[in-house]
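**Student:** Sequence plus the predicted model coming up.
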Amino acid sequence: MPQGCPCRVVVSGSGLSRIYRCCITRPQELFFPGSATLTNTGGFLEEMNSVLIVGSGGREHALLKAFLRSNRPLCMYAWPGNPGMERDGCMLVDKPVKNWKDLADWAKNNGINLTVVGPEIPLVEGIVDTFRESGLAIFGPAKGAAAIEGSKAFSKDLMKKYGIPTAAYELFTDKEAARRYLCETGAPVVIKVSGLAAGKGAIVCDTMEEAETALTEIFDENAFGDAGSTVVIEEKMVGEELSVFVITDGKEYRILPTAQDHKPVGDGDTGPNTGGMGAYSPAPIATPDLMTRIEKEIIRPTLTAMVEEEATYQGVLYVGLMITAEGPKVVEYNCRFGDPETQAVLPLVTCDWYELFLSAASGRLTDTSWSVMEGYCACVVLASKGYPGAYEKRLVISGLDDSGDARDNTDIYHSGTAVNDEEQPVTNGGRVLAVSSWAATLEDAIARAYEGVARISFKGKQFRTDIGAKGVARLKTMEQSV
């Protein structure tokens, strides 16, 4: 208790207490582990709202930092979380979780006011339904609505039924029928498994040989397991990609700043696809006229379609677009925030994220104060050598303390890290860290992000050196045309 504080507290019992803010102290300073009863004998204590973040990657770390930047005292928990989140003051759930009912029970017993889900797998498995059955507020789509990502067959048929622009396609459940279709259409095509595949289930085939190899991997080698039981074969769209994020309560919606991801592992979009090697926001290609068209032709019809299908969508809807010569077309929907786009988008937005997410989860999206920085944010992912293939783990990371913080307009997000027996941070995944920086110009944001990247070291560190280059080139072209 800080000196001079009039609050006097008596704690007793067992279990994990809620967090209270002392009348003159900072958020999270007053914490009573192992208490069930709290008695205040003087002064004023304000109960803080508690938030649980589900997930363990850079996206979840970015969500945590966004909550902490909000002008609201919050008690933050994560399951399973990561060392970077814990370092930023987030408490990790220490109870074994075998299923989503276990986590819901923990949340209810510990007074969690809002749960925010990062990854797609819990959403597709129905974590939202489970939490709602326990009377808990949770931000994310229910299981039926999460099928918009969990089943590409569902999402493609939805778009066809409601006239939402996307690539022409057909669905197949056996190899021979797929081969006969390919013989009729020829290449290039994109072959996608219908189920979840960690962002790696779309194979671009520029030749018939590549298409044949893809079908062999999916059907004969069972490379994607059950996710490949149904296959989408669609035309290869030509254009520039754009990511749009929509916060919605099912009817009303708010659009976050746009972003552009970098999927291939190598510079110049070479090499195999990854979960994402970097991103920047906003994307210059998203002009006001284009965004008006995207709202009219894609966002509104999609939300309306989900209502008509009795799968009202609440949460964040990620719309992956290809900006073609004919206009914007949907590449894919995701039922959650993108990674690493989240790390590039959220730093640009100032709002009460707790109120925004809670109102969307409650079906009453409010006019929460919302401002977007006049500038840009660039995010560079640091990956393990060999990613997206096999890679070594438990390699010591240095330089994290020297790579900036939010005061320097730079954030470091942990994606695949752990702590060794010597309490040193070590690598523990393919994508290890992400460095995001924001500035008045895209060029300055990119330069500042790479300065942060240069100060971080671990054996085999790999990263793209051209994150945001497309955006810089487009901005220069736009300036020259004025």
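**Tutor:** Thanks, I have it.
**Student:** from what I can see Pro80 touches Cys90, true?
**Tutor:** No. The criterion here is C-beta atoms under 8 Å, and Pro80 misses it with Cys90 at 11.3 Å. All C-beta atoms are positioned from the backbone trio N, CA, C, and that covers glycine.
**Student:** Run through the stretch 1-150 of the chain and note the low-pLDDT ranges.
**Tutor:** 1-47 (pLDDT under 70).
**Student:** can you pull out the strands in it?
**Tutor:** Along the stretch 1-150 of the chain, counting by DSSP state E, counting those that start in this stretch, strands occupy 9-12, 20-22, 37-40, 45-47, 49-55, 74-80, 91-92, 114-117, 138-139.
**Student:** show me where the stretch 51-200 of the chain has helices.
**Tutor:** Using DSSP state H, counting those that start in this stretch, the helices found in the stretch 51-200 of the chain span residues 58-69, 83-87, 100-109, 120-125, 127-133, 143-150, 152-162, 175-185.
**Student:** could you say what helices and strands the third one packs with?
**Tutor:** In this case it means helix 100-109. helix 127-133 (3 or more C-beta pairs under 8 Å, 6 or more residues apart in numbering; DSSP states H and E).
**Student:** Deepest-packed of the helices of the stretch 51-200 of the chain, please.
**Tutor:** Neighbour counts (mean count of other C-beta atoms under 10 Å) averaged over each of the helices of the stretch 51-200 of the chain peak at helix 58-69, with a mean of 25.
**Student:** CA atoms only: put it into CSV for me.
**Tutor:** Extracted C-alpha coordinates of helix 58-69, given in CSV (Å, rounded to 0.1, in the frame of the first residue of the first chain):
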residue,chain,number,x,y,z
GLY,A,58,1.9,-12.0,-31.5
ARG,A,59,-1.7,-11.2,-32.3
GLU,A,60,-2.7,-11.8,-28.7
HIS,A,61,0.3,-9.8,-27.4
ALA,A,62,-0.9,-6.9,-29.7
LEU,A,63,-4.4,-7.2,-28.3
LEU,A,64,-2.9,-7.0,-24.8
LYS,A,65,-0.9,-3.9,-25.6
ALA,A,66,-4.0,-2.3,-27.1
PHE,A,67,-6.0,-2.9,-24.0
LEU,A,68,-3.2,-1.5,-21.8
ARG,A,69,-3.1,1.7,-24.0
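**Student:** Could you shift the numbering so residue one becomes 29, and keep it that way?
**Tutor:** In the new numbering, first residue 29, that becomes helix 86-97.
**Student:** and the angle from that helix to strand 77-83?
**Tutor:** Interaxial angle, helix 86-97 versus strand 77-83 (axes from the mean of the first three to the mean of the last three C-alpha atoms, to 10 degrees): 170 degrees.
**Student:** tell me the mean pLDDT for stretch 471-482?
**Tutor:** The average pLDDT within stretch 471-482 is 97.
**Student:** Could you chop this structure up by domain?
**Tutor:** Segmentation of the chain into domains, based on automatic domain parsing, reads 29-75, 196-263, 268-509.
**Student:** Pretty sure Gln342 sits against Arg392.
**Tutor:** No. The criterion here is C-beta under 8 Å, and Gln342 misses it with Arg392 at 10.5 Å.
**Student:** can you tell me which residues contact the closest residue to Phe182 other than its chain neighbours?
**Tutor:** Leaving out its chain neighbours, the residue that sits closest to Phe182 by C-beta to C-beta, 6 or more residues apart in numbering is Ala175, at 4.7 Å. Taking C-beta atoms under 8 Å, 6 or more residues apart in numbering as the criterion, Ala175 is in contact with 152, 182-183, 339.
**Student:** now swap in Val218 and tell me
**Tutor:** Applying C-beta under 8 Å, 6+ apart, the residues contacting Val218 are 195, 230-233, 261-265.
**Student:** Can I get those in JSON lines including distance to Met104?
**Tutor:** Formatted as JSON lines, the contacts of Val218 follow (distance: C-beta to C-beta, whole Å):
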{"residue": "Ala195", "distance to Met104": "40"}
{"residue": "Ala230", "distance to Met104": "34"}
{"residue": "Ile231", "distance to Met104": "39"}
{"residue": "Val232", "distance to Met104": "39"}
{"residue": "Cys233", "distance to Met104": "44"}
{"residue": "Ile261", "distance to Met104": "44"}
{"residue": "Glu262", "distance to Met104": "41"}
{"residue": "Glu263", "distance to Met104": "45"}
{"residue": "Lys264", "distance to Met104": "43"}
{"residue": "Met265", "distance to Met104": "40"}
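**Student:** residues near Asn250, how many?
**Tutor:** Neighbourhood size, Asn250 [other C-beta atoms under 10 Å]: 12.
**Student:** Tell me the secondary structure at it.
**Tutor:** coil (DSSP: H, G, I helix; E, B strand; the rest coil).
**Student:** got the contact list for Asn250?
**Tutor:** Gly256.
**Student:** Okay, and the beta partners of the spatially closest residue to Lys188 that is not a sequence neighbour?
**Tutor:** Distances taken as C-beta to C-beta, 6+ apart place Thr194 nearest to Lys188, at 7.7 Å, with adjacent residues excluded. Note on Thr194: beta-bridge partners by DSSP bridges are Val358.
**Student:** got a pLDDT number for Thr194?
**Tutor:** Predicted confidence (pLDDT) for Thr194: 98.
**Student:** Please look at Thr357 and Pro193 and confirm they touch.
**Tutor:** Slight slip there: residue 357 is Lys, not Thr. Yes. Taking contacts as C-beta under 8 Å, Lys357 lies within contact range of Pro193: 4.5 Å.
**Student:** would you list the domains of the chain in CSV and tack on distance to Lys136?
**Tutor:** Formatted as CSV, the domains of the chain follow (distance: least, C-beta to C-beta, whole Å):
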stretch, distance to Lys136
domain 29-75, 12
domain 196-263, 28
domain 268-509, 16
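**Student:** Select, out of the ones you listed, the one closest to Met187.
**Tutor:** For the domains of the chain, the distance to Met187 is smallest for domain 268-509, at 6.1 Å, taking C-beta to C-beta.
**Student:** how many neighbours does Asn289 have?
**Tutor:** Asn isn't right for residue 289; it's Asp. When neighbours are defined as other C-beta under 10 Å, Asp289 has 24 of them.
**Student:** List phi and psi for it.
**Tutor:** phi -90, psi 170 (degrees, to the nearest 10).
**Student:** what's it in contact with, if anything?
**Tutor:** Counting by C-beta under 8 Å, 6+ apart, Asp289 has contacts 269, 271, 304, 306-307, 366, 368-369.
**Student:** Pick the one among these closest to Glu323.
**Tutor:** Out of these, the member with the shortest distance to Glu323 (by C-beta to C-beta) is Ser271, at 15.0 Å.
**Student:** Pro108 and Cys118: which is more packed in?
**Tutor:** Taking neighbours as other C-beta under 10 Å, Pro108 and Cys118 compare with Cys118 leading, 24 against 12.
**Student:** hang on, the earlier thing: deepest of the domains of the chain, which one?
**Tutor:** domain 268-509 (a mean of 19).
**Student:** For the helix or strand hosting Thr320, what is the distance to the chain centroid?
**Tutor:** Taking DSSP states H and E as the definition, Thr320 sits inside helix 316-322. Mean-position distance between helix 316-322 and its chain equals 23 Å (C-alpha atoms, centre = their mean, to the nearest Å).
**Student:** neighbouring contacts of that helix?
**Tutor:** Under C-beta under 8 Å, 6+ apart, the answer for helix 316-322 is 272, 283, 286, 314, 347, 349, 351, 355-356.
**Student:** what pLDDT, on average, does that helix get?
**Tutor:** 98.
**Student:** now the stretch 279-428 of the chain, which segments are flagged as low pLDDT?
**Tutor:** In the stretch 279-428 of the chain, no residues with pLDDT under 70.
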